[in-house]
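In: I would like the atomic coordinates for the input below:
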Amino acid sequence: MVNLSVIFLVSKDADARRQYGVIRGMLVPLIGALVNLWLMSKLDVNALILGLIWLSIGLAQLAYLTRFFRREPPEVDFDESEPEPAFS
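Out: Reported below is the predicted structural model:
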């Protein structure tokens, strides 16, 4: 999915196309997507079913958080400050 997202981004965004070019922006993600498909074809049926269930749960959560894709997805904040102690 990430590889296909990169291909989509590079095909739609001129700045990304200029930054990554055809090789890094299109060819490498395409090869990665093909390798992923090949690896998925070698999985057991139970693993595929479990993966599809996990993907469905993630998409349902994203649909809920974005009000069925009418809003932007929430941003993740990776705060690098000192973590608070769990116990005092």
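
In: ok, so what distance separates residue 39 from residue 54?
Out: Per C-beta to C-beta, to the nearest Å, residue 39 is found 16 Å from residue 54. Glycine gets a C-beta too; all of them are placed from N, C-alpha and C.

In: For residue 6, the count of nearby residues, please.
Out: Look at residue 6: counted by other C-beta atoms under 10 Å, it has 20 neighbours.

In: what's the answer for the one 4 residues further on, then?
Out: As a burial measure, residue 10 scores 21 neighbours (other C-beta under 10 Å).

In: Following element in sequence after the helix or strand containing residue 3, please.
Out: Assigned by DSSP states H and E, residue 3 falls within helix 2-12. Later in the chain than helix 2-12, the nearest helix or strand by DSSP H and E is helix 14-22.

In: which helices and strands does that next one pack with?
Out: helix 2-12 (3 or more C-beta pairs under 8 Å, 6 or more residues apart in numbering; DSSP states H and E).

In: mean confidence for stretch 55-63?
Out: Averaged over stretch 55-63, pLDDT sits at 94.

In: I misspoke; the intended subject was stretch 37-47.
Out: Mean predicted confidence for stretch 37-47 is 94.

In: what about that stretch, distance to the chain center?
Out: 19 Å (C-alpha atoms, centre = their mean, to the nearest Å).
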